[in-house]
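Asks: Build me a model:
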Amino acid sequence: MEISFRNSNIGCYQIVEIDGHSQKYIMDTSTLSPKRYCWGLLPKNITVDMIELDKKNASFETKSKTLLGTSTIAIMVQPIVKIGYDMLRNLFVNYEISQQIFLKIVLYFISMLISYLVIWNSLRKAHKIAAERLPKESKKARLTLRTTKRRE
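Replies: Numbers count the residues shown, from 1 in each chain. Predicted coordinates for the structure are as follows:
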C-alpha cells in the first residue's frame, strides 16, 4: 500500500491519496493523536481522522497562482516589525521591565494566551470552511500509522 500526502488550501488539512489515485481523502491534522507526537515524542501508533473525497473533487487543491511572492511579503513586513521592536525595546528600557521578573512572567503568559486564541480561532475557521466544501454524506475513516522509533 502506497500513501502520498499533499498540502491542501486549508491550513490544518492535507490531501491523502492511497494506492496512486484509487482513493482520495482529506485528513484533518488537528485530530492527530496522541498529542505528545506534536511535542517531539514518538509514540507507537499515531491516529488521525480522514474524510473520503470524490476523485474529481478539487475544492481542496492548492492553486499555484500567487499575487505576491514570499520575498515581497517579507520586505513589506520588515518596517512593521522594526516599529514594533523599537516600541517594545523603549518600553522595556524606560520602565525597567527587564529587571522585574514578575512582570516578565505575566507578559510571557499573556503572549501564550494570545497565541493560543489565534490558533484556536484559525482552526475553528478552517473547520468551518472545510465543512462547507465537504459533501454531506461523506465516509469517515481513521488512519493509524505505526512509527519506526527512529527519526529521518
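Asks: which helix in the chain runs the most residues?
Replies: Across the chain, the longest stretch assigned as helix under DSSP state H is helix 101-133.
Asks: how about the helices in the chain?
Replies: Using DSSP H, helices in the chain cover 70-94, 101-133.
Asks: For Ser30, which of those is the nearest?
Replies: Ser30 sits nearest to helix 101-133 of all those, at 5.5 Å, using CB to CB. Yep, even glycine has a C-beta here, placed from its N, CA and C like the rest.
Asks: okay, the angle between that closest one and helix 70-94?
Replies: Orientation check (axes from the mean of the first three to the mean of the last three CA atoms, to 10 degrees): helix 101-133 against helix 70-94 gives 150 degrees.
Asks: Number the residues from 22 up from this point.
Replies: Sure, I'll start numbering at 22, so the last one becomes helix 122-154.
Asks: Can you tell me which of the helices of the chain is nearest to Asp70?
Replies: Among the helices of the chain, the nearest to Asp70 by CB to CB is helix 122-154 (11.5 Å).
Asks: Any buried residues in the closest one, and which?
Replies: Neighbour-count burial for helix 122-154, with 16 or more other CB atoms under 10 Å as criterion, is recorded at 147, 150-151.
Asks: cool, stretch 75-93 as well?
Replies: Judged by neighbour count (16+ other CB under 10 Å), stretch 75-93 contains these buried residues: 78, 80-81.
Asks: same question for the longest helix of the chain, mean pLDDT?
Replies: Averaging pLDDT along helix 122-154 yields 93.
Asks: Which strands or helices does it pack on?
Replies: Applying 3 or more CB pairs under 8 Å, 6 or more residues apart in numbering; DSSP states H and E, one finds that helix 122-154 makes contact with strand 44-54.
Asks: Paired strands for the strand it packs on, with orientation please.
Replies: Sheet pairing for strand 44-54, assigned by DSSP bridges, gives strand 34-39 (antiparallel), strand 66-74 (antiparallel).
Asks: Out of those strands, indicate the one that is most buried.
Replies: Among the strands paired with strand 44-54, strand 34-39 has the highest mean neighbour count (mean count of other CB atoms under 10 Å), at a mean of 19.
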